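Engineer: Okay, sequence plus prediction incoming.
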Amino acid sequence: MILKTATECLITLKGVSKAYQQPNGQKISILEPINLELRSGEIVALLGPSGSGKSTLMRMIAGLIPPSNGQVLYHNRPLVGLNPGVAIVFQNFALYPWLTVLENVELGLKAKGEMPEPRLQKALKMIDIIGLDGFENAYPKELSGGMRQRVGFARALAVEPELLCMDEPFSALDVLTAENLRFELLDLWLEKKIPTQAVLIVTHGIEEAVILADRIVVLGRNPGRIRAELTVTLPHYRDRKTAEFQALVDQVYKILTNPELSCETVAAPAASATTVSQPEPAPSAKYQSLPQVRTGAIAGLLELLEDRKEKDLYRLGQELMLEVDDILPIVEGAKLMEFLVIQEGDLLLTPVGIQFIAGGIDQRKQIVRTQILSNIRLVQQISRMLQAKRNHRISEELILDILEAHFSPQEAMRQLKTAIDWGRYAELYSYDEPGGEIFLESEDKDE
């Protein structure tokens with residue numbers, strides 16, 4: 001078995017943060033200070049829920065966007081502009097449709113100023129290594145999704161980057177193609193057939209991270225921050241069925257599904273991983289981050305759990321073929337409504353959750369009404385503002401102005417839409433979409 005050993009530090013992040021200023025002057029923090037090292041000889045996976053700043057962090061490492069504060073160091077020197085040692089493979093292939101495979105692969109080399117003959121030889125060599133030999137003159141439209149992504153890999157690797165960055169590179173592919181390409185890339189890495197010294201992969205797949213990575217960096221959100229680092233010592237190739245693999249996957253699920261959990265309390269599986277926690281505690285937000293999920297999805301999850309003996313979140317996700325970004329919002333919504341709790345990776349129904357499942361439509365609406373009025377600050381605020389207004393109507397713009405002091409405009413709109421959806425289901429209030437107003441329907445009719 002070939003193992004790479006991490007040695008030289010290629011890139012260092014020192015107190016790197018990112019914030020954007022809104023038109024109203026408010027600053028929205030995307031990433032709070034991050035300290036991280038990327039070393040030669042290792043694959044690092046960035047794993048976290050949507051909105052945790054994974055892609056933003058990768059783009060700062062590549063020099064595509066500057067940090068608001070802190071420093072990105074490349075070989076211990078401050079990075080200015082694009083990082084010359086980094087190449088990126090994107091999620092959506094990002095190929096030029098009017099160029100052939102060979103011409104697409106040559107692009108990066110051409111941008112670096114390579115002369116035509118060495119440029120051609122390097123491109124052809126990488127096309128051969130990545131398994132595209134014979135398709136040099138084909139156009140992207142003639143290729144399958146997996147082959148298009150191979151072109152993306154060949155183009156990135158042709159420039160011989162020290163760090164290969166991959167932004168969810170397999171998510172646009174079908175399951176079998178993604179699995180095949182994932183292991184082919186791992187083969188090339190372990191056998192040292194590609195020139196890159198380190199790999200950074202942004203992923204939302206926990207299994208993908210555990211299969212590929214030597215180190216997993218788990219991010220939290222609002223704002224993005226490092227919650228834990230797990231050093232994976234399981235040898236390649238990793239067997240999904242082993243107890244050690246399953247224990248590590250369960251550990252990562254436990255961290256991701258318990259945002260309030262201190263990483264210092266997370267026990268690492270024996271001899272498989274070490275958890276390193278950030279010294280700074282997570283900041284307490286004025287508003288909870290509401291997941292963008294409908295009450296029907298929450299009800300569906302609770303009904304699935306009702307008679308199941310196996311309640312492990314990871315195995316449930318496997319059974320339903322749901323990635324972490326698909327199932328976590330539903331779990332978060334159910335937790336916010338206090339319908340379930342998570343213990344050691346298992347989803348356990350609460351008495352309120354059991355009562356919800358047993359109830360009819362009207363009973364379920366009443367239970368949701370009680371739970372969101374008790375637990376969701378944004379819903380409480382909307383309800384009180386409606387009660388205070390003489391005509392029992394408020395503009396959605398008023399709520400958005402308040403939320404944009406805490407969220408980006410896009411996230412503020414998502415938060416509002418979720419609060420509206422939950423409130424409408426519970427018959428707390430109604431929504432006039434054309435007029436952009438939230439109102440109390442019963443009071444409105446009496447006016």
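Structural biologist: Great, that's in hand.
Engineer: how about the strands of the stretch 301-447 of the chain, start to end?
Structural biologist: Along the stretch 301-447 of the chain, the stretches classed as strands by DSSP state E, counting those that start in this stretch are 340-343, 346-349, 393-395, 430-432, 437-439.
Engineer: Sort out which residues of the helix or strand containing residue 150 are buried, please.
Structural biologist: Assessed by DSSP states H and E, residue 150 sits inside helix 145-158. Using 16 or more other Cβ atoms under 10 Å as the test for burial, helix 145-158 gives 146-158. The C-beta positions use only the backbone N, C-alpha and C, and glycine is treated the same way.
Engineer: Tell me which other helices or strands it touches.
Structural biologist: strand 86-89, helix 101-111, helix 116-129, helix 175-190 (3 or more Cβ pairs under 8 Å, 6 or more residues apart in numbering; DSSP states H and E).
Engineer: For residue 191, give its distance to residue 185.
Structural biologist: Distance, residue 191 to residue 185, using Cβ to Cβ, to the nearest Å: 11 Å.
Engineer: quick revisit: pull up the pairing partners for the helix or strand that comes right after the helix holding residue 150, direction included.
Structural biologist: Sequence order places strand 163-167 as the next helix or strand after helix 145-158, per DSSP H and E. Here strand 163-167 is paired, per DSSP bridges, with strand 86-89 (parallel), strand 198-203 (parallel).
Engineer: May I see those arranged in TSV, with mean pLDDT as well?
Structural biologist: Putting the strands paired with strand 163-167 into TSV (pLDDT from 0 to 100) gives the following:
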stretch	mean pLDDT
strand 86-89	87
strand 198-203	91
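Engineer: so which of these gets nearest residue 62?
Structural biologist: strand 86-89 (4.5 Å; Cβ to Cβ).
Engineer: got the CA coordinates for the closest one in PDB?
Structural biologist: In PDB, the C-alpha atoms belonging to strand 86-89 read as follows (Å, rounded to 0.1, in the frame of the first residue of the first chain):
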ATOM      1  CA  VAL A  86      -3.300  26.300  -7.200                       C
ATOM      2  CA  ALA A  87      -5.600  24.900  -9.800                       C
ATOM      3  CA  ILE A  88      -9.400  24.400  -9.400                       C
ATOM      4  CA  VAL A  89     -11.700  21.700 -10.600                       C
END
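Engineer: So what's the residue count around the residue nearest to residue 291 when sequence neighbours are not counted?
Structural biologist: Leaving aside its sequence neighbours, residue 291 sits nearest to residue 329 (Cβ to Cβ, 6 or more residues apart in numbering; 3.5 Å). Using other Cβ atoms under 10 Å, residue 329 has 20 neighbouring residues.
Engineer: Low-confidence regions, the stretch 251-400 of the chain specifically.
Structural biologist: Applying pLDDT under 70 to the stretch 251-400 of the chain flags residues 259-286, 310, 344.
Engineer: ok, which stretches of it are helices?
Structural biologist: Counting by DSSP state H, counting those that start in this stretch, the stretch 251-400 of the chain has these helices, from start to end: 295-306, 313-320, 324-336, 351-358, 361-375, 377-388, 396-403.
Engineer: Go through stretch 188-200 and flag the buried ones.
Structural biologist: Quick answer for stretch 188-200 (16+ other Cβ under 10 Å): 188, 189, 194, 196, 197, 198, 199, 200.
Engineer: so where does the third one fall, helix or strand?
Structural biologist: It stands for residue 194. With DSSP H and E as the test, residue 194 turns up in no helix or strand.
Engineer: from memory it sits against residue 156, does it?
Structural biologist: No. Judged on Cβ atoms under 8 Å, residue 194 makes no contact with residue 156 at a distance of 9.7 Å.
Engineer: Tell me which residues touch the closest residue to residue 188 other than its chain neighbours, please.
Structural biologist: Spatial nearest neighbour of residue 188, chain neighbours left out: residue 194 (4.8 Å); criterion: Cβ to Cβ, 6+ apart. Shown in contact with residue 194 (Cβ atoms under 8 Å, 6 or more residues apart in numbering): 129, 157, 164, 188.
Engineer: which residues are in contact with stretch 113-130?
Structural biologist: Residues from elsewhere that reach stretch 113-130 (Cβ under 8 Å, 6+ apart): 101-102, 105-106, 109-110, 133, 135-136, 150, 153-154, 157-158, 160, 188, 193-194.
Engineer: still on that earlier bit, in a markdown table, list the buried residues of helix 145-158 along with distance to residue 252 and pLDDT.
Structural biologist: Formatted as a markdown table, the buried residues of helix 145-158 follow (distance: Cβ to Cβ, whole Å; pLDDT from 0 to 100):
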| residue | distance to residue 252 | pLDDT |
| --- | --- | --- |
| 146 | 27 | 81 |
| 147 | 31 | 84 |
| 148 | 30 | 86 |
| 149 | 25 | 84 |
| 150 | 28 | 85 |
| 151 | 31 | 88 |
| 152 | 27 | 87 |
| 153 | 26 | 85 |
| 154 | 31 | 87 |
| 155 | 31 | 88 |
| 156 | 27 | 87 |
| 157 | 28 | 85 |
| 158 | 33 | 86 |
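Engineer: Reformat those as TSV; add distance to residue 18.
Structural biologist: Shown next, in TSV, are these (distance: Cβ to Cβ, whole Å):
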residue	distance to residue 18
146	33
147	35
148	30
149	28
150	32
151	31
152	25
153	27
154	31
155	27
156	24
157	28
158	30
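Engineer: and of these, the nearest to residue 257?
Structural biologist: For the buried residues of helix 145-158, the residue nearest residue 257 by Cβ to Cβ is residue 149; the value is 30.0 Å.
Engineer: OK, contacts around that closest one?
Structural biologist: 89, 93, 169, 170, 172, 173, 181.
Engineer: what's the answer for residue 46, then?
Structural biologist: Here residue 46 is in contact with 54, 57, 58, 200, 201, 202, 203, 217, 219 (Cβ under 8 Å, 6+ apart).
Engineer: Which of those residues are buried? Put it as a PyMOL command.
Structural biologist: Buried subset of the contacts of residue 46, written as a PyMOL selection, criterion 16+ other Cβ under 10 Å:
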select buried, resi 54+57+58+200+201+202+203+217+219
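Engineer: What is the burial count for residue 163?
Structural biologist: Using other Cβ under 10 Å: residue 163 sits among 22 other residues.
Engineer: Quick check: can you list the domain ranges of this structure?
Structural biologist: Taking automatic domain parsing as the domain assignment, the ranges for the chain are 9-276, 295-446.
Engineer: Now do the first one: distance to the chain's middle.
Structural biologist: Right, the one you point to is domain 9-276. The chain centre lies 12 Å from the centre of domain 9-276; the measure is Cα atoms, centre = their mean, to the nearest Å.
Engineer: can you check stretch 434-441 too?
Structural biologist: Centroid displacement of stretch 434-441 relative to its chain, using Cα atoms, centre = their mean, is 33 Å.
Engineer: for that stretch, which positions count as buried?
Structural biologist: Buried, per 16+ other Cβ under 10 Å, within stretch 434-441: 437, 438, 439, 440.
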